[in-house]
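>>> predicted model and sequence follow; I will ask about them next.
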4 protein chains.
Amino acid sequence: MVLQVLKKPMLLRLRDPLTESERDSIFRLCKELGYSYQFRAGSKELLELTGGGAPSHRSLFEDLTGILSVVDNGQARELNMRPVGGPDLVVEVAGARFGGEWAGLIAGPCAVERADRLQSIAERVKAAGACVLRGGAYKPRTSPYSFRGLGEEGLAMLAEARAKTGLPIVTEVLDPRDVDAVGAVTDIFQVGSRSMANAALLTELGKSNKPVLLKRGMSATVREFLLAAEYVLMGGNERVLLCERGVRSFDKVTRNLLDVGAIAHLKRVTHLPVLADPSHAAGRRDLVRALARASMAAGADGLIIEVHPDPGEVHSDGAQAVSFEEFERISADARAILKLDGRRLSQAEVAPRSDSTAGGGARKSTSSLKVD
Amino acid sequence: MVLQVLKKPMLLRLRDPLTESERDSIFRLCKELGYSYQFRAGSKELLELTGGGAPSHRSLFEDLTGILSVVDNGQARELNMRPVGGPDLVVEVAGARFGGEWAGLIAGPCAVERADRLQSIAERVKAAGACVLRGGAYKPRTSPYSFRGLGEEGLAMLAEARAKTGLPIVTEVLDPRDVDAVGAVTDIFQVGSRSMANAALLTELGKSNKPVLLKRGMSATVREFLLAAEYVLMGGNERVLLCERGVRSFDKVTRNLLDVGAIAHLKRVTHLPVLADPSHAAGRRDLVRALARASMAAGADGLIIEVHPDPGEVHSDGAQAVSFEEFERISADARAILKLDGRRLSQAEVAPRSDSTAGGGARKSTSSLKVD
Amino acid sequence: MVLQVLKKPMLLRLRDPLTESERDSIFRLCKELGYSYQFRAGSKELLELTGGGAPSHRSLFEDLTGILSVVDNGQARELNMRPVGGPDLVVEVAGARFGGEWAGLIAGPCAVERADRLQSIAERVKAAGACVLRGGAYKPRTSPYSFRGLGEEGLAMLAEARAKTGLPIVTEVLDPRDVDAVGAVTDIFQVGSRSMANAALLTELGKSNKPVLLKRGMSATVREFLLAAEYVLMGGNERVLLCERGVRSFDKVTRNLLDVGAIAHLKRVTHLPVLADPSHAAGRRDLVRALARASMAAGADGLIIEVHPDPGEVHSDGAQAVSFEEFERISADARAILKLDGRRLSQAEVAPRSDSTAGGGARKSTSSLKVD
Amino acid sequence: MVLQVLKKPMLLRLRDPLTESERDSIFRLCKELGYSYQFRAGSKELLELTGGGAPSHRSLFEDLTGILSVVDNGQARELNMRPVGGPDLVVEVAGARFGGEWAGLIAGPCAVERADRLQSIAERVKAAGACVLRGGAYKPRTSPYSFRGLGEEGLAMLAEARAKTGLPIVTEVLDPRDVDAVGAVTDIFQVGSRSMANAALLTELGKSNKPVLLKRGMSATVREFLLAAEYVLMGGNERVLLCERGVRSFDKVTRNLLDVGAIAHLKRVTHLPVLADPSHAAGRRDLVRALARASMAAGADGLIIEVHPDPGEVHSDGAQAVSFEEFERISADARAILKLDGRRLSQAEVAPRSDSTAGGGARKSTSSLKVD
């Protein structure tokens, strides 16, 4: 089967008629990239390419105005694409596993606000089955006047919670200049919806050795979402966790419209793990559990859930945080639905530590990258 | 609790400032509907109404330009609204039950094309757990040149399949002038997305004694969807099955974007059964099963699935029809997910009949209307 | 040029690989429609057809699952498509002209509520440049409890206003069973957004000799919009006026998002006149004029505007009705923008009449159909 | 009138019922911000605040889960809001003026690719009425493999074109770390759609003394768009030019759906200039002129247009670049439409210079900030 793939040529669908300069640009690029080319006999619209192929070629061709579409990729497989028949990538962080037979629950408050509160939330969600603690230190906000997180102070609280509970953490990074500081503490970088198309940030994260939880942009197509991941992947960081969180819609019964079809589609076309964020999709706590169930049933490799015992006291997105009791129900649901496919929830395995250096190494770790 | 509801006044939020004619119109309508009214002390924006209330009042007030919104319904509960704390409505048709502890699978070809084919599909889907047979005799089509169904000939084939297998049938009605002809054969009327806002058709169906499977319009809000149901309910036909089938979106990996949040929300606000149509949402057969699972996990009371053994031969929507084997998997999934909540799939119970009169009675049947 | 068009073959892009039954279905349909066919040399994806062509062929091929797209129409020009290099269709009704060098303003209340009011509005908008009077007798409403128009009584008021002012009228028809009754009074049938996909209604109107003002559906693509027009055109009624009225969006500063790009695009691809409805797009009177200007600047052949001297008193869409003064400004704007392209506003020419039979003829009138 | 505004209290609409912690949080925040508060008599839902007010207060209250909405701003006017009855802000850069009686045309290639080409384009568009030269040195791209601009080399070409033609320039900045480098060359910073929600970048630009051309995000609401501007304004940079460039839609006849209603609405609610980008909205050159006209007719204060003499040769968005001849027509249109309102196109006034320091000053220039 591999051989068959290798022999398959790339196929370009051209505009008809082409201007001379359009045609020249196309032929020039073919040569530059090392392809020989010929029109499919009798057709001026289908140009067939023979040659090596590389992940970048599809985009380079798509940029030319004379090319309507790249009909077939040939060997030019982008890094986000699942190799034909290839397995899921399993991303593992301190025992938390996403992909393949494993799924994981990420839980915690929207923003980190108080150390004691964070600590108790971390313990409770761990007990209920979470394998990663979430919590925002840098919060992206629509209004510049809204609470934008505690910043470094928040990071310190996360490090402390991590040390005491052994739960690895995921927290958002907003600014390419903060990648080092956040990376010194976090186990997984989160890139929020507003930053999905932030190339500077993604490029910086491509140089990191920590996994990246990348959320889909508010109205990003699936193709755009995958190309955002490609920014990280092409930098050498192979561990991207995709996260569907709902897209913008005309109806307001939910804050965003959770795209379970995208979850199912992504599991086919990419080997990367696919998570869902039912909290931001729902925007109201009474629907989080239903959306969590739907996501798992559609094939998600995990969930990220906002949990808070007293939503009235928080300064960000309180309306969608669920109680511990509801999170326990969500955890039980996830377990039951995974079981239908012979899959299971992963658990953080590391013992609680008092040092926070473990997460801060600068080397590329390949030991935690497993392919199922 | 009932008393408390009865004492709750209706509350109108008014534009500020109001023109004189706007204010006059508001006060006049209040009197016409039998309300006494007074401003909440100190406010010119909140008008409090005391009086009887009726399902129509919310809409009548919303029509006036001086009224921004009806903040509280008071007693003016529309017929689509679930009474506070009230149970699901269970709609039963020949053993098929939707709502409460029951869910049902509706399956069959997109359009009815050949009698023998329909027959064999009906037998296979029944064996795999379907309790209702679907099949279009009148097909709504975007293009006037597309295959628009066999019409009366198709209805006859459906009647025959019903007689031989005992499966009740659901088929679409497009034209108010066809309600009698379709009603003479079908057990459940289907109203498609394109017809959701067809008041003439809905009004005609409100006079029928057969349940109505009402699909959500392509970009209808949940409120518009419920008000479309209200057209049927206010005519006296209490058995409306709502069906989420995906809304229009910017992304094309699925044909429509299945709104699982709407399913979960609807189960809260209305007592009517809520089904899902993963076939039209996906628009491609490889994602139907995932969307079916997600819908059931979100709380749906049933599914309507296109099944065809040889999609290449059909003239309508072949790309999304699943095979018998895939339908069996969907049926098993549905059963397993329902079990998590102590619910189950219903089965058609009637013995096969050779007469087709059973479905054609003209009386209001209340015997098949049960409240769980 | 005609010859060149005739020689151009139809081109189908096929799924690859095809199942046997898909391929058989495609070849069978080709033969049925009188085409000979061959694959473009070396390609299994491009099937080239030679033969007569007819408007229906594109849709018939698109229905087959084995066909991804009809790449080129060949001679199969649908009736909505502008012939290559062909002129605008000018639709003329009692002096009102739409298309080519002419544009027209249609104005009046949302719903007909009182005869004297309607009369005075008609006189005022005529004086300000309107050439057609609008007013709803049958109103499509989201809620069944909302005011749904005066029906026949409203039609009588319209007939009276027409007789006294000489303004032809346009009013909506909702139900295929009402086409005769409405047609006995109206000069132009209006089909609202909710009915754009109502094939039964469109088919009935295709048999009429009155022009049809067809509004774009709430989230209809341009292709779907044109195919809805095709339902009327294929019945033999060549006079369809397309009307852009905004599409559903996520933002709520306007009620609908006016698609001026669709107006400009439609003027390229179809010969039918294209109007705009800035009132329903805006949903608020302070933005109607700006949207009216934008529509005319984008190339619209006319506008339909809600005008009412006292919006507080009406039962439907009062918030978007503009005053007479504002309508005069809109009329002046339209005149000025048309002048930039050497175009002008048409005026109703008929003298006021006291009989209402003029509009009610049953014959196909070709005298009022001119091609510019 | 000012006094009346000052006396107007802020009004919060609260959730009913409130939890105790929600109520505590609300009262605590009121006190912190220096308000006294009381419920509107008899209501638990409307809390009336008396006190000073500040731009940040609306957002701070909206963050609390117990508050459904801030019904009235009172004195808490955000910086993006037009003072009641206040004039347009006129932003002036080297003779180019936007706002009030002035509008301006910005034109140039999508990306800067060759110095000689850029030079000749600059001369031609200046001759045709452009007052600012556009051109990308840093290009935001969906795919990491696409051409991403020449970077510093491109900036140097822009500086050269500026020096030779006297046209001020606008170019995009993508990364907060590039603000100084780009600011050393550009006259106006461009923030693209993908960066509208990039708080780190906006904050950095708030510290600059150069105007910021801020494009609306792909599916940003108008409120979100204005709050993105607020990030810049709150930093002390008062000169933000808003730019509508179309929003994402389900239909593909244009690349984005140009929201002319948003243009008209923005001109009411904010004093900031509002431009339009018909090139990115259309995505195809044959519709750019129509969208340009529509934007100007809706009240835009200027346009930004992609112009290129040979679109086949470029590596980014060639399909939407218009020819010089078409740009001349667009310029003539803009002039004619502005004239209807007694407005006019501004011209770059500065004589060509050979030094590029003029644009690079570090001081806050207030001399170029005029209020009309």
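Great, that's in hand. Numbering: from 1, shown residues only, chains lettered A, B, ... in the order given.
>>> only C-alpha atoms from now on, for both contacts and neighbour counts.
Noted.
>>> now the strands for the stretch 201-350 of chain A?
Remark: strands assigned in the stretch 201-350 of chain A by DSSP state E, counting those that start in this stretch are A:212-215, A:240-244, A:274-276, A:302-306, A:344-345.
>>> the residue of the stretch 201-350 of chain A found nearest chain B: neighbour count?
Using Cα to the nearest Cα, the point where the stretch 201-350 of chain A gets nearest to chain B is residue A:294, with a distance of 4.0 Å. Residues contacting residue A:294 under the criterion other Cα atoms under 10 Å in any protein chain shown number 32.
>>> for residue A:324, same thing?
As a measure of burial, residue A:324 has 18 neighbours, counting by other Cα under 10 Å.
>>> do residue A:16 as well
12.
>>> list the contacts for the nearest residue in space to it that is not next to it in sequence?
Nearest residue to residue A:16 in three dimensions, chain neighbours excluded: residue A:45, at 6.3 Å (Cα to Cα, 6 or more residues apart in numbering or on different chains). By Cα atoms under 8 Å, 6 or more residues apart in numbering or on different chains, residue A:45 lies in contact with A:12, A:13, A:14, A:15, A:16, A:39.
>>> let's see which of those end up in strands.
A:12, A:13, A:14, A:39 (DSSP state E).
>>> distance of the second one relative to residue D:287?
Relative to residue D:287, residue A:13 is positioned 23 Å away (criterion: Cα to Cα, to the nearest Å).
>>> of those two, who's got more company?
residue D:287 (25 against 18).
>>> what number of residues lie near the spatially closest residue to that one that is not a sequence neighbour?
Distance criterion Cα to Cα, 6+ apart; nearest residue to residue D:287, sequence neighbours excluded, is residue C:264 at 6.6 Å. When neighbours are defined as other Cα under 10 Å, residue C:264 has 24 of them.
>>> show the contacting residues for residue A:338.
A:103, A:296, A:297, A:344, A:345.
>>> which one (most neighbours) among these?
residue A:297 (31 neighbours).
>>> wait, isn't that residue in contact with residue B:297?
Yes: in this structure residue A:297 lies within contact range of residue B:297 using Cα atoms under 8 Å: 6.5 Å.
>>> in chain A, where's the longest helix?
Ordering each helix of chain A by length in residues (DSSP state H) puts helix A:324-340 first.
>>> quick one: the residue of the stretch 201-350 of chain A closest to chain B and residue B:298 touch, right?
Yes: Residue A:294 is in contact with residue B:298 according to Cα under 8 Å; the separation is 5.2 Å.
>>> give me the common contacts of these two.
With Cα under 8 Å, 6+ apart, residue A:294 and residue B:298 have common neighbours residue B:260.
>>> how far away is the one residue in the stretch 251-372 of chain A that gets nearest to chain D from residue B:93?
Using Cα to the nearest Cα, the single residue of the stretch 251-372 of chain A nearest to chain D is residue A:312, 4.3 Å away. To residue B:93, residue A:312 is 46 Å away according to Cα to Cα.
>>> give me the low-pLDDT residue ranges for chain A?
For chain A, the stretches with pLDDT under 70 are A:1-8, A:41-42, A:72-75, A:350-372.
>>> report the central residue of it.
residue A:242 (2.1 Å; Cα atoms, centre = their mean).
>>> quick check: beta-bridge partners of it?
Beta-bridge partners for residue A:242, by DSSP bridges, are residue A:214, residue A:274.
>>> ok, it - contacts?
By Cα under 8 Å, 6+ apart, residue A:242 lies in contact with A:213, A:214, A:215, A:216, A:229, A:272, A:273, A:274, A:275.
>>> sorry, back to before: contacts only, for the closest residue to the residue of the stretch 251-372 of chain A closest to chain D other than its chain neighbours.
Nearest residue to residue A:312 in three dimensions, chain neighbours excluded: residue D:22, at 4.3 Å (Cα to Cα, 6+ apart). By Cα under 8 Å, 6+ apart, the residues touching residue D:22 are A:311, A:312, A:313, D:64, D:65, D:66.
>>> the third one: how many residues sit nearby?
If I follow you right, that is residue A:313. The number of residues packed near residue A:313 is 20, by other Cα under 10 Å.
>>> okay, now the domains of chain A?
A:2-72, A:89-360 (automatic domain parsing).
>>> looking at those domains, which is buried most?
Comparing the domains of chain A by mean neighbour count (mean count of other Cα atoms under 10 Å in any protein chain shown), domain A:89-360 ranks first with a mean of 23.
>>> chain center to it, what's the gap?
9 Å (Cα atoms, centre = their mean, to the nearest Å).
>>> also stretch A:56-76?
Here the centre of stretch A:56-76 is set off from its chain's centre by 25 Å, with Cα atoms, centre = their mean.
>>> close to chain C, is that stretch?
No: contact of stretch A:56-76 with chain C (Cα under 8 Å from any Cα of the partner chain) is absent, the minimum separation being 10.8 Å.
>>> and that stretch, anywhere near chain B?
No: against chain B, stretch A:56-76 shows no contacts by Cα under 8 Å from any Cα, the least distance being 15.5 Å.
>>> measure that stretch end to end?
Terminal-residue distance, stretch A:56-76 (Cα to Cα): 7 Å.
>>> what does it rub up against?
The contact list for stretch A:56-76 (Cα under 8 Å, 6+ apart) reads A:5-15, A:18-19, A:22-23, A:25-26, A:29, A:33, A:52-55, A:78, D:143-147, D:311-312, D:314-319.
>>> let's see it at 7 Å
Outside stretch A:56-76, the residues that touch it by Cα atoms under 7 Å, 6 or more residues apart in numbering or on different chains are A:5-6, A:8-15, A:18, A:22-23, A:52-55, A:78, D:143, D:145-146, D:312, D:315-316, D:318-319.
>>> residue A:300 is in contact with residue A:274, correct?
Yes: proximity of residue A:274 to residue A:300 meets the contact threshold set by Cα atoms under 7 Å, at 5.5 Å.
>>> shared neighbours of those two, anything?
In contact with both residue A:274 and residue A:300: residue A:263, using Cα under 7 Å, 6+ apart.
>>> now the strands for the stretch 51-200 of chain A?
Using DSSP E, counting those that start in this stretch, strands in the stretch 51-200 of chain A cover A:67-72, A:89-93, A:96-98, A:102-108, A:132-134, A:169-172, A:188-191.
>>> got a list of what residue A:234 touches?
residue A:206.
>>> phi, psi for it please.
Phi and psi for residue A:234, reported as degrees, to the nearest 10, are phi -70, psi -20.
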